[in-house]
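A.B. asks: Give me a 3D structure for the following:
(2 chains)
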Amino acid sequence: MSQKAHSADITIIGGGIAGLTLAALLGDMDINVHLVEPFPPPPIKDLKPSGRTVALMENSLNIIKTTDIWNDIKDQCAPIKMMRVIDPASKTREILQTDFPASDIDQDQFGHNIPNALLRTTLWQRVKALKSVTLHESKLSSLNNAPNHVDLILDNGAEIKSPLLIGADGRSSKVRELLGIQTKAQKYDQNAITCLINHSKSHENISTEFHHPAGPLALVPLPGNQSSIVWVEQPKRAGALLKLKKTEFERALQSAMNDHLGGITLEAGPDMWPLSSIKAEALIAPRAALIAEAAHVMSPITAQGLNLSLRDVAALAETIVDAMRLGLDHGSATTLKQYEKRRRLDIGTRVFGVDGMNKMVSNNVPAIKGLPRAGLKTLSALPPLKRFAMEQALAPPIDKSRLAKGEAL
Amino acid sequence: MSSTIDQKEIAHFAKDAANWWDEDGPFAPLHRLNPARLSYLKDQICGHYGLDAKPLTPFKDLSILDIGCGGGLVCEPMARLGANVTGADADAVAIKAAQAHAVQSGLDITYFNGPAESLIPSSQSTSSSPLSPSSRRRPGSLKDNTKVQKIPDQVRDDGGGNHNDGGLFDVVLALEILEHVSDPAIFVQNCANLVKPGGLVIFSTLNRNPKSYLLGIIAAEYLLRWVPQGTHEWKKFIKPSELARFCRAAALKPHDITGLMFHPLEQNFKLSKSDLDVNYFMTTTKQG
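C.D. replies: Numbers count the residues shown, from 1 in each chain, chains lettered A, B, ... in the order given. Okay, the predicted model is just below:
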């Protein structure tokens, strides 16, 4: 866009999956949305295979489906029909495998595993095609509060006046920094390795998670005999694994997978990053709201990060549109407090809940290590409890979102 | 002209006018009440005119007059929903606050400082009007301190009849004002004179009974301190039966009565079809 003064109903900083989904939902309602993103995704033809995928549960997928892109990507996504948790054998215990079929909660599948880059590029194109959305390939430089709006200046000199600002600019959010919102961060003595593999045996659309002492290893199905891998290890060991030759890495991974999917070959990756959790101390500020990783970062092991983020998107989109349908100021403190109230419990329990689970499954202290195993055994033995646990983990009823239920905005 | 403005009432609200838009300020109760009452107004107006409530600007072909608009807490939402809005208030400070806020919000609203009855076109008025029909000027534009941005010309005929409805509105709102006027019967007649035949006049006010004295005055003014003491005079509260009688005398046919109740646990207001004991709405249609 040219370097001039713009007026927006809503300005979204950050063109990741969450920011783009919000822009697509609101833009579709003919709301004047401006979206600021310095690094647009590459076109479809330039996308490379990657182990970075996201397992979206059905209710999150319903939110994505509202943006009308599902038909464009579904062939490259795989349904997850069963969750399998494997506690490998130790000196004192035999191997323990627990299966959670989606049919237990009367579903065909828990969700779908979707390549991140494909999802982002497709959303970007969808948003680009919307007349009511203006894209700025630039960065937020400064923000000033006026009584009924914020004045934004971008790196390219463009100015935007907007009654509502959304920070969707990720874990190092500039919006969060400019608003002066503090964060609580937790670093883990763990790194995550991601990669994409081909395997000789079928995954049968089962997502499998090994609970190794150093951290979990998750195999998440993709179409055909392909899976994406999230492998959590101690930083030293993770660094050493990344230095291995391709065949050595494949051997190490196949062994960590107990040969579960037969012989494997590496298709893309491995990549590595340190694990951390971040939680913003506030979700809203005058004329501004944070969503997704600008508000919360979770370790990737339970595939909850983007699911949580999309629930932010749905809650905020619904709150904004509900206010607009009454003619109310959609950036007022009253409106923003409703968004904050809707999200507080879900975000609060999940960011710390996942922390707790991660510590529990990777703890080597015998007394504590016994807990998840005992817990799983109990779950296996008691179907109603197991069903409840699955519904809590996979289809949280916390936020009554109409988008998550598959209804229109 | 029959003026129904009570001078004591104006002085009372003028003190707080600058704070109209502070959501936690002295008008916090109105901000809290706003979602429920806007929801009621939208339902009634969409229902009456057969408008789809899903799009964001369903009122784009409607003219709305808000009498006793204060700082514009209802005018602005009506304008955002697409309506051509005129707000009238006898309190010059509130009107100034409303005008300033509309500019900040980028909304085009006509604000008028003075008695709403002076907006009645002379042909409709029961008494002499300050409006000269030949000049087609609004009274607001005659006053030095009130800039009226545009004249709400209702010259277009929406198929509602063969009458000349110049200067009349599709919807007239009189919210939380009946209990403040000196003569509600004349006030209701003035509202009727401002609406097109077949158009809507929507009132909201406080019922007069022991419960409304307890909740509307003792609780709201003295215990919860929602509104300043002296805001309301219980004797001026109006029973639904009285309001309905005033309406029928003014050729306004009441067709919906809905209560508005405060939910202490959720700290918000909800509509109720059965409980009219304290706050209630009455929607009426102009006959003819």
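
A.B. asks: if I look at residue A:320, how far off is residue B:251?
C.D. replies: 41 Å (CB to CB, to the nearest Å). Heads up, the C-betas are built off the backbone N, CA and C, glycines and all.

A.B. asks: quick one: pLDDT of residue B:215?
C.D. replies: Listed pLDDT for residue B:215 reads 69.

A.B. asks: Relative to chain A, which residue of chain B is the closest?
C.D. replies: Of all residues in chain B, residue B:77 sits closest to chain A, at 2.8 Å by CB to the nearest CB.

A.B. asks: for that residue, what are its contacts?
C.D. replies: Under the criterion of CB atoms under 8 Å, 6 or more residues apart in numbering or on different chains, the neighbours of residue B:77 are A:326-328, B:34, B:38.

A.B. asks: ok, now which ones touch the most centrally placed residue in chain A?
C.D. replies: Compute the mean C-alpha point of chain A, and by CA atoms, centre = their mean the closest residue is residue A:306, 1.5 Å away. Neighbouring residues of residue A:306 by CB under 8 Å, 6+ apart: A:17-18, A:54, A:56, A:60, A:292.

A.B. asks: before we move on, what about residue A:115?
C.D. replies: Going by CB under 8 Å, 6+ apart, the list of residues near residue A:115 reads A:47, A:50, A:52-53, A:76-77, A:222, A:228.

A.B. asks: can you list the weak-confidence ranges in chain B?
C.D. replies: Across chain B, the ranges flagged by pLDDT under 70 are B:1-18, B:122-166, B:212-230, B:234, B:264-265.

A.B. asks: How about the residues of it by chain A?
C.D. replies: Applying CB under 8 Å from any CB of the partner chain, one finds that chain B approaches chain A through B:23-24, B:31-32, B:34-35, B:38-39, B:42, B:53-56, B:76-81, B:101, B:104-106.

A.B. asks: Backbone dihedrals for residue A:217, both of them.
C.D. replies: Dihedral pair for residue A:217: phi -130, psi 120, per degrees, to the nearest 10.

A.B. asks: pretty sure it contacts residue A:230?
C.D. replies: Yes: at 7.3 Å, residue A:217 counts as touching residue A:230 under the criterion of CB atoms under 8 Å.

A.B. asks: got any residues that touch both of the two?
C.D. replies: Joint contacts of residue A:217 and residue A:230 (CB under 8 Å, 6+ apart) do not exist.

A.B. asks: Would you mind confirming that residue A:233 is in contact with residue A:213?
C.D. replies: No: judged on CB under 8 Å, residue A:233 makes no contact with residue A:213 at a distance of 10.3 Å.

A.B. asks: ok, and does stretch A:322-334 reach over to chain B?
C.D. replies: Yes: judged by CB under 8 Å from any CB, stretch A:322-334 comes into contact with chain B through A:324-329, A:332-334.

A.B. asks: Inside helices: which ones of the residues you listed?
C.D. replies: Using DSSP state H, the members of the residues of stretch A:322-334 next to chain B that fall in helices are A:324-325, A:333-334.

A.B. asks: Now pLDDT too, for the residues you listed, in CSV please.
C.D. replies: As requested, those are exported to CSV (pLDDT from 0 to 100):
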residue, pLDDT
A:324, 97
A:325, 96
A:333, 91
A:334, 89
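
A.B. asks: So of these, which two are at opposite extremes in space?
C.D. replies: Using CB to CB, the two most remote members of these are A:325 and A:333, lying 18.8 Å apart.
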